[in-house]
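Novice: give me coordinates for this.
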Amino acid sequence: MHLPQDIVVKLNTTLVRGLNDPELRRRYAEEGGEVVASSPADFWMFFTAEIDKWDGVLRKAGVKPQ
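Specialist: I've put the predicted structure just below:
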């Protein structure tokens, strides 16, 4: 399922605005978190890199899907 581009842009703009709020950033930092407000394309690159990384780790460890 793909969202229309205008909806993606609107959601991203709203989320980035919220994630850049100093109070929210402070609260995340207190919990050891890190706020990364990026573009949908940057998130997709991060997401697919994580899938590839952890797929390799799981395969090397011999973990099988259940």
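
Novice: nearest residue to the middle of this structure?
Specialist: F43 (5.2 Å; C-alpha atoms, centre = their mean).

Novice: return the distance of it relative to I7.
Specialist: F43 is 15 Å from I7, where distance means C-beta to C-beta, to the nearest Å. From N, CA and C alone the C-beta is placed, and that goes for glycine too.

Novice: E30 now?
Specialist: From E30 to I7 the distance is 32 Å (C-beta to C-beta).

Novice: S38 now?
Specialist: Distance, S38 to I7, by C-beta to C-beta: 18 Å.

Novice: which of those two has more neighbours?
Specialist: S38 (14 against 10; other C-beta atoms under 10 Å).

Novice: what about the more buried one, distance to F46?
Specialist: Per C-beta to C-beta, S38 is found 8 Å from F46.

Novice: check P22 too.
Specialist: Taking C-beta to C-beta as the measure, P22 falls 24 Å from F46.

Novice: what about L11, distance to L3?
Specialist: L11 is 8 Å from L3, by C-beta to C-beta.

Novice: now swap in L19 and tell me
Specialist: 19 Å.

Novice: how about L19: what's its closest non-neighbour residue?
Specialist: A37 (4.0 Å; C-beta to C-beta, 6 or more residues apart in numbering).

Novice: repeat for L15
Specialist: Spatial nearest neighbour of L15, excluding adjacent residues (C-beta to C-beta, 6+ apart): A37 at 7.2 Å.

Novice: tell me which element the one you found is part of?
Specialist: For A37, there is no helix or strand it lies in under DSSP states H and E.

Novice: so what's the residue count around it?
Specialist: For A37, the neighbour count with other C-beta under 10 Å is 15.

Novice: for Q5, the count of nearby residues, please.
Specialist: 9.

Novice: what pLDDT, on average, does stretch 49-66 get?
Specialist: For stretch 49-66, the mean per-residue pLDDT is 94.
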